[in-house]
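Chemist: Just need the structure, nothing else, for what follows:
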Amino acid sequence: MRALVLNLCTVLLGFFLCLSVQPVKAQVKRQIHADLKSVAGNKSTVFNECIGAGRANEGLRADWQQQLAMIQKDVHFKYIRFHGLLHDDMRIYSLDKTGKPVYNFQYVDRLYDFLLSINIRPFVEFGFMPPDMASGTKTIFWWKANVSKPKSYTQWDTLITKLVKHWQQRYGEEEVKKWYFEVWNEPDLKGFFDGTQADYFELYAHTVKAVKSVSRAYRVGGPATSATKWIAEFLSYCENNRLPVDFVSTHDYGTTSVLDEMGTKKQQLKSIRDTIAIDVKRVRAIINASAYKKAELHFTEWNTSPSSRDPIHDTYQNAAYILHVLKKAAANSNSMSYWTFTDVFEEAGPGPTPFHGGVGLINLQDIKKPGYHAYHFMKELGNTELKNEDESSYVCKSEQGVQALIWNYTHPLNGYSFNQDYFNKVQPPATNHDVRFSVANLRNGTYLLEEYRVGYGQNDPYTAYLKMGKPEQLSRAEVSRLKQLSSGAAFRKSTITVSGGKFEQLIRLSDNEIVFLKLIRHL
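Modeler: Okay, here's the model as predicted:
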């Protein structure tokens, strides 16, 4: 029965072919026009500056590493950030039977060596507290991260100094200068930090001084808060205490709920479509008005939802949301780090089913979710962006030709309540609309036109999984078939001839559908 459903999904793809790129015959409301002689500038790299992952120890797993290598090949993220660097399962710090500190960097060396071998650098998050250094026993998550303050700042300062010196000796100062050092994670939430705002500021002061004692050139920042909180207070404290701030970091999500430790809360998208972009702009304005106006701004976590059990993460709608946020937020942030690249993520414990609402772009069976392709398309755009007044598209050029990424982000309709209810069911798009796309001043000649699509039934393994009845386990054949359905292969290819220097097409878009076009000039 499942095989029959998967075959029906394939048939649906053929149906959507007739709704694909069509010759222009009528007036349409949405028009995208670009001119090769009208350049906007370099394409934004905010999308692939940084990516998130769950915790450091997961990075020692073969499946985690294989998935990161896979997405690196397609997207080329520059940095990766994760929790748990100082957690006990990395065993960086412990006390022996006599109470003497033991520093062990072997696990972190294996992890960082791997990261650098695939050309991605650590965006270091100092946290959580090693149990043998903790002032308390409060923990968070299935893997029991200790969220206490240090019982001795002398011990903490020594640990940070030794760790940074070790990295300098192992990788060289010039390499470590390119890293970022972030102090803790979401200290504004009691679940993540068993202390006050003043306690966090004290932790920051000690940490930044310890890092800078190794090299003044090393970049340190914070406060890594949830929902963009504490920014003005943090900058004011640092100014009053003459502390350096090389970058400001904070987090934001598109849902009304913030901390969902075990994935049990009901999540709902905020009604304001541009909520994350608005927050990014507001935080940038706070920084610009401070004594640290040259500080970079990094949103070191963002996603539709913070819950690792929210089905929206698996949907085709999520992919359109990703592009919507990245386009709107790019002008005011140095990076937007999507949380996370993989469903190998155990805050609430191991994922119970193949598609369980995990925060990753790749599921546990290495199946690429729709959001994966959104990032891949962004990378495939040429590095030179052309001027374009449409707010839901990019048009770029490269030596190979022209590329266009066009999407139609639409908030949920039809009785939307909570994500856990709405996205647990098949959700066909409610409407379609046409987009006229044109490019002027092309070189005349023959081009290969490639079209790629993400939407309902297109690079959409989750919808196929729902139609299978949401099985708790998948056979090897079913995994292979779902991978085929989300391979990212071209939807269609054709050869066209450009004369008069102009290319023009009518494109049919459904709700939350993405179209990526490549015009590749034949030499």
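Chemist: contacts, neighbours, all on C-alpha from now
Modeler: Noted.
Chemist: And L12, what's its pLDDT?
Modeler: Looking at L12, its pLDDT is 44.
Chemist: And for L6?
Modeler: Per-residue pLDDT puts L6 at 47.
Chemist: Repeat that for Y409.
Modeler: Value for Y409, per-residue pLDDT: 96.
Chemist: Double-check it against L509; I have them as touching.
Modeler: No - taking Cα atoms under 8 Å as the definition, Y409 is not a contact partner of L509, at 10.2 Å.
Chemist: Give the ranges of residues in the protein that sit below the confidence cut-off.
Modeler: Scanning the chain for pLDDT under 70 picks out 1-27, 523.
Chemist: Tell me what the spatially most central residue of it is bridged to.
Modeler: Centroid check for the chain by Cα atoms, centre = their mean gives Y338 as the closest residue, at 1.7 Å. Judged by DSSP bridges, the bridge partners of Y338 are I51, W302.
Chemist: ok, now which ones touch it?
Modeler: The neighbours of Y338, taking Cα atoms under 8 Å, 6 or more residues apart in numbering as the test, are 50-52, 300-303.
Chemist: Would you convert these into JSON lines that also reports neighbour count and distance to A134?
Modeler: Shown next, in JSON lines, are the contacts of Y338 (neighbours: other Cα atoms under 10 Å; distance: Cα to Cα, whole Å):
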{"residue": "C50", "neighbour count": "27", "distance to A134": "30"}
{"residue": "I51", "neighbour count": "26", "distance to A134": "29"}
{"residue": "G52", "neighbour count": "23", "distance to A134": "25"}
{"residue": "T300", "neighbour count": "28", "distance to A134": "25"}
{"residue": "E301", "neighbour count": "28", "distance to A134": "25"}
{"residue": "W302", "neighbour count": "24", "distance to A134": "29"}
{"residue": "N303", "neighbour count": "24", "distance to A134": "31"}
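Chemist: what's the closest of the residues you listed to T342?
Modeler: G52 (8.6 Å; Cα to Cα).
Chemist: gap between the closest residue to E296 other than its chain neighbours and V208?
Modeler: Excluding the flanking residues, the one nearest E296 by Cα to Cα, 6 or more residues apart in numbering is F247, at 4.4 Å. Distance, F247 to V208, by Cα to Cα, to the nearest Å: 12 Å.
Chemist: so how many other residues sit close to G99?
Modeler: Neighbours of G99 under the rule other Cα atoms under 10 Å: 9.
Chemist: again but with A277, I slipped
Modeler: Close neighbours of A277, defined as other Cα under 10 Å, add up to 20.
Chemist: Could you report the neighbour count for the closest residue to G358 other than its chain neighbours?
Modeler: Nearest residue to G358 in three dimensions, chain neighbours excluded: S308, at 4.5 Å (Cα to Cα, 6+ apart). S308 has 26 neighbouring residues, counting by other Cα under 10 Å.
Chemist: again, but for T158
Modeler: Using other Cα under 10 Å, T158 has 12 neighbouring residues.
Chemist: do the same with I92
Modeler: Residues contacting I92 under the criterion other Cα under 10 Å number 19.
Chemist: can you pull the contacts of the nearest residue to it once chain neighbours are set aside?
Modeler: Of all residues not flanking I92 in the chain, N104 sits nearest, at 4.7 Å (Cα to Cα, 6+ apart). Counting by Cα under 8 Å, 6+ apart, N104 makes contact with 91-93.
Chemist: And G52, by the same measure?
Modeler: G52 neighbours (Cα under 8 Å, 6+ apart): 80-82, 300-301, 337-341.
Chemist: rerun at 6 Å
Modeler: When contacts are counted by Cα atoms under 6 Å, 6 or more residues apart in numbering, G52 touches 80-82, 337-340.
Chemist: what's the spacing between the closest residue to D390 other than its chain neighbours and K281?
Modeler: Distances taken as Cα to Cα, 6+ apart put I32 closest to D390, at 6.0 Å, once the chain neighbours are dropped. Distance, I32 to K281, by Cα to Cα: 26 Å.
Chemist: ditto for D63
Modeler: Distance of D63 to K281, given as Cα to Cα: 37 Å.
Chemist: cool, and N318?
Modeler: Taking Cα to Cα, one finds N318 at 22 Å from K281.
Chemist: what does G500 give?
Modeler: 42 Å.
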